[in-house]
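Chemist: Below is the sequence, then the predicted model.
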Amino acid sequence: MKHFKRLIAMLLAAVLLLSMMTACGSKKKPTATLTFENGDEVIIYLEPDQAPNTVANFISLANSGFYDGLIFHRVVEDFVIQGGDPNGDGTGGPGYTIEGEFADNGFSKNTISMEKGVIAMARFSSNGENSQEAYNSAGSQFFILLGDEDALQGQYAAFGKVFSGMNILEKLAMCDVNSNDKPREDIVIKSIRVETYGVDYGEPETLPAQN
């Protein structure tokens, strides 16, 4: 009987130790809540292991209130919904840029597939679609894919994926748009906030804004 009790105690201790090791070794992904004016919410899990500076940049902007009140200025049904521009027309940013964390820019660590629900940084291409300036031109604008887009793989810094609320984005994408793919009625972001679960991801490394 003593041996049996001792065996049970050892097994319980082993289970407890394993659970403690698992808890210590795991870290919750930072979670972004995108809230629209009507109260609808989209939950997005971010991937700092894949795109650390991009995630740090998004967290910094979101939690400072940068995105509050901005619109989704570009919507293409079954393709993409894009926002984060303070100018509301695809020309604006936060006053700086960040290096593109994607394969075509020499950043091989990011292996997120460009599939439906993925969030990635938009970038400017006025200096040439595949130039170094274009690769490092992202700032605050982001897009969420509404379908799988293999052709974009390795060309944009993907940094997370929608966990819930994809149906909300798909419904919004059915809106009426003008010739520039801008919704005729504004789709307004009430707020974006990121829960980091006590982890400090720091401020992003930035580059001077491009003219």
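Modeler: Perfect, thanks for sending it.
Chemist: before we move on, what SS does the residue lying closest to residue 187 once chain neighbours are set aside have?
Modeler: Once its chain neighbours are removed from consideration, residue 187 has its nearest residue in residue 72; the separation is 4.3 Å (Cβ to Cβ, 6 or more residues apart in numbering). For every residue, glycine as well, the C-beta is placed using N, CA and C. Of the three states, residue 72 takes strand according to DSSP: H, G, I helix; E, B strand; the rest coil.
Chemist: Distance-wise, check residue 106 relative to residue 197.
Modeler: Summarising the geometry, the distance separating residue 106 from residue 197, computed by Cβ to Cβ, to the nearest Å, is 31 Å.
Chemist: before we move on, what about residue 152?
Modeler: Residue 152 sits 30 Å away from residue 197 when distances are taken as Cβ to Cβ.
Chemist: quick one: which of the two has more around it?
Modeler: residue 152 (18 against 10; other Cβ atoms under 10 Å).
Chemist: Phi first, then psi, for that one.
Modeler: The phi and psi torsions at residue 152 (degrees, to the nearest 10) take the values phi -90, psi 0.
Chemist: Need the three-state assignment for the residue nearest to it when sequence neighbours are not counted.
Modeler: Counting by Cβ to Cβ, 6+ apart, residue 114 is the residue found nearest to residue 152 once chain neighbours are left out, at 4.4 Å. In the three-state summary, residue 114 is assigned as coil, counting by three-state DSSP.
Chemist: ok, then the element right after the worst-scoring helix or strand of the chain on mean pLDDT?
Modeler: Within the chain, confidence by mean pLDDT, DSSP states H and E is lowest for helix 2-25 among all helices and strands, at a mean of 46. Reading on from helix 2-25 to the C-terminus, the next helix or strand found by DSSP states H and E is strand 31-36.
Chemist: check which helix or strand covers residue 55.
Modeler: According to DSSP H and E, residue 55 maps onto helix 52-63.
Chemist: Show me the contact partners of that helix.
Modeler: Under the contact criterion Cβ atoms under 8 Å, 6 or more residues apart in numbering, helix 52-63 has outside partners 30, 32, 46-48, 67, 84, 94, 98-99, 101, 121, 138, 140, 142, 157, 159-160, 192-194, 196, 201-206.
Chemist: This protein: strands as residue ranges?
Modeler: Taking DSSP state E as the test, the strands found in the chain are 31-36, 41-46, 72-76, 80-83, 96-97, 118-121, 142-145, 158-164, 189-195, 207-208.
Chemist: Count the neighbours of residue 70 for me.
Modeler: Residue 70 is flanked by 22 other residues according to other Cβ under 10 Å.
Chemist: Now for the residue nearest to residue 152: which residues touch it?
Modeler: Residue 114 makes contact with 120, 145, 148, 149, 150, 152, 153, 156, 158, according to Cβ under 8 Å, 6+ apart.
Chemist: May I see the residues you listed arranged in TSV, with distance to residue 80 and pLDDT as well?
Modeler: Shown next, in TSV, are those (distance: Cβ to Cβ, whole Å; pLDDT from 0 to 100):
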residue	distance to residue 80	pLDDT
120	9	98
145	6	98
148	12	98
149	8	97
150	14	96
152	9	96
153	14	96
156	10	97
158	12	98
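Chemist: top of the residues you listed by neighbour count?
Modeler: Within those, most neighbours by other Cβ under 10 Å means residue 120, with 29 neighbours.
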